[in-house]
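K.L.:
have a look at this prediction, sequence included:
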Amino acid sequence: MKLNLLEQYILGGIIATWLGFALIYFLGVRKSEQDDDLDLHKQTNKLVRARAQDDGETDVIIVGAGVAGAALAYSLGMDGRRVLVIERDLGLQDRIVGELLQPGGYMKLIELGLEDCVENIDAQKVFGYALFKEGRSTKLAYPLEKFKRDVSGRCFHNGRFVQRMREKAATVPSVRLEQGTVTSLIEEKGAVKGVRYKTKVGQDITVTAPLTIVCDGCFSNLRRGLCKPEVDIPSTFAALLLKNCEAPYPNHGHVILADPSPILCYRISSTEIRCLVDIPGKKIPSVGNGEMALYLKTKVAPQIPTELRCGFIAAVDEGSIKTMANRSMPAAPQPTPGAILLGDAFNMRHPLTGGGMTVALSDVVIVRDLLRPLENINDSFALCKYLDSFYTMRKPVASTINTLAGALYKVFSASPDQARTELRQACFDYLCLGGMFSNGPIALLSGLNPKPSSLVLHFFSVAIFGVGRLLLPFPSPQRILLGARLITDASGIIFPILKAEGAAQMFLSSTNPAYHKSPFLH
């Protein structure tokens, strides 16, 4: 049902009023977070750097040198920690995800002093999204007006970005990168004391340190003892590289609300556009026997924007189709003295919104800031108790991005259920209204304003907007019933995700005593 302009203004006014009251309420109960104490950092950094560096000991072992591992190695090394990074393969990797860094993630790069890692890799700036549905499209810009620096999203080849971060980490004298496969954690009296690993020449090595940080990715073989992993695989990406073609909206990510689920396109170099076709369910067409190529040509290609369709078909014909299962895993830590988890080894979400690197870099900033005041980290049990605050402090950013990714994927996917179809259409039309109706959700998606209260407000505003579309201009019993089902469906989408993410910590993190823990100093 389409609304005329007057009806849109009326409905928009109703939603704006509801949003205003809700925002006043949430802002009234939310306490502001503490600012970083820069003077304390400078003083303690001098203490840490003043320690002898020639005793051959290691302060921190980092397992994995991906985005999280490399960023953490550089940060801790710059703070004077002696860091050993063990990575299975230090060569250039070719991955099909981790190619879009949201502006919120870029801000974290700046905070870590790693913003130059997006230079000299043919990275492309991203200023927002273009949303497509059944022949209609709308452009949604990131709210970047208040930033004085060159803040935007960045798209790139993941391998090039990771290599730049590894190179940056290797420039720090107290950081050592070594290629090897970690086979197990060393545990003694209930605490992790280090790791066993095998070098690339087959030598078995044992190394110890007061703290081991595991960030060895989504296939981690070490996470089981450090968390309670519940991995869900809702879909699979089929990935293509479209060459020498132009997208409808330059410097924007493209999201096509296709049948049965979304398609993503974004430029990762000056000559290449990545296309990710989401295929729901556990079973996908076979690449080897040609089923996937047939599916992409007959089912997907007609839904691709005309500007990209020829490039899409050419990429299918080229035959280099890659697939990757999309994993989701809520953070469920088992605090263990001497070790913590980071990155995809610890927490994953559907990659639809490209929020994974933002979450990882945000976690790195928190861990770095927690460790900065500590001159001595040798007491594993005291350190574990102190670092327990990390799991609370990460909640607002991580859980907001995780919840949005899971909820949007379900809303954006096609469904035979009429109420879910109405919710999908309402979401598209809501974003098309522009102004606060698009700025708020895009600020959430970009990681620039990861507030749980804002997420819930906008999600249910979309649902209310959808009900309004059904009831105007004249409600009927059938439409009232459909509107009730729409609200029920919306609740059934978001509340289970919030529960899995830990709703209480999400909304009350700044009032939690863990948020204000004082460091232990020896």
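P.N.:
Yes, it's here. Because the structure is predicted, anything quoted here is derived from the model rather than measured. Numbers count the residues shown, from 1 in each chain.
K.L.:
burial check on Ile377, number of neighbours?
P.N.:
Neighbour count of Ile377, defined by other CB atoms under 10 Å: 21. The C-beta positions use only the backbone N, C-alpha and C, and glycine is treated the same way.
K.L.:
with adjacent residues omitted, what lies nearest to it?
P.N.:
Nearest non-adjacent residue to Ile377, counting by CB to CB, 6 or more residues apart in numbering: Pro210, 4.7 Å away.
K.L.:
cool, and Tyr391?
P.N.:
Tyr391 sits nearest to Pro333 (CB to CB, 6+ apart), 5.4 Å away.
K.L.:
what sits against the one you found?
P.N.:
Each residue near Pro333 by CB atoms under 8 Å, 6 or more residues apart in numbering is listed here: Leu226, Cys227, Ile340, Leu341, Phe346, Tyr391.
K.L.:
the last one touches Ala331, doesn't it?
P.N.:
Yes. Shown here, Tyr391 and Ala331 form a contact pair, counting by CB atoms under 8 Å, at 7.1 Å.
K.L.:
what's the most distant pair in the contacts of Pro333?
P.N.:
Leu226 and Tyr391 (11.9 Å; CB to CB).
K.L.:
check which helices and strands the host helix or strand of Val365 sits against.
P.N.:
For Val365, the host element (DSSP states H and E) is helix 356-371. Using 3 or more CB pairs under 8 Å, 6 or more residues apart in numbering; DSSP states H and E as the contact test, the elements touching helix 356-371 are helix 67-78, strand 100-101, helix 103-112, helix 380-387, helix 389-393, helix 395-412.
K.L.:
now the element after the third one, going C-ward?
P.N.:
Meaning helix 103-112. strand 124-126.
K.L.:
who touches that next one?
P.N.:
Applying CB under 8 Å, 6+ apart, the external contacts of strand 124-126 come out as 100, 142, 152-156, 251-253, 266-270.
K.L.:
just stretch 81-90 next, same as before
P.N.:
48, 53, 57-65, 69-70, 73, 76-77, 166, 169, 172, 174-182, 195, 197, 207, 209, 216, 371.
K.L.:
got the CA coordinates for that stretch in PDB?
P.N.:
This file holds the C-alpha atoms of stretch 81-90, laid out as PDB (Å, rounded to 0.1, in the frame of the first residue of the first chain):
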ATOM      1  CA  ARG A  81      55.100  -4.700  26.100                       C
ATOM      2  CA  ARG A  82      57.200  -7.500  24.800                       C
ATOM      3  CA  VAL A  83      54.900  -9.300  22.400                       C
ATOM      4  CA  LEU A  84      55.300 -12.500  20.500                       C
ATOM      5  CA  VAL A  85      52.800 -13.000  17.600                       C
ATOM      6  CA  ILE A  86      52.400 -16.500  16.200                       C
ATOM      7  CA  GLU A  87      50.600 -16.700  12.900                       C
ATOM      8  CA  ARG A  88      49.900 -19.800  10.900                       C
ATOM      9  CA  ASP A  89      50.600 -18.100   7.500                       C
ATOM     10  CA  LEU A  90      52.300 -14.800   7.300                       C
END
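K.L.:
what is the neighbour count of the closest residue in space to Asn326 that isn't next to it in sequence?
P.N.:
Closest residue in space to Asn326, ignoring its immediate chain neighbours: Ser235 at 4.9 Å, by CB to CB, 6+ apart. Using other CB under 10 Å, Ser235 is surrounded by 23 other residues.
K.L.:
tell me the SS of Ser235?
P.N.:
On the three-state scheme (DSSP: H, G, I helix; E, B strand; the rest coil), Ser235 is labelled strand.
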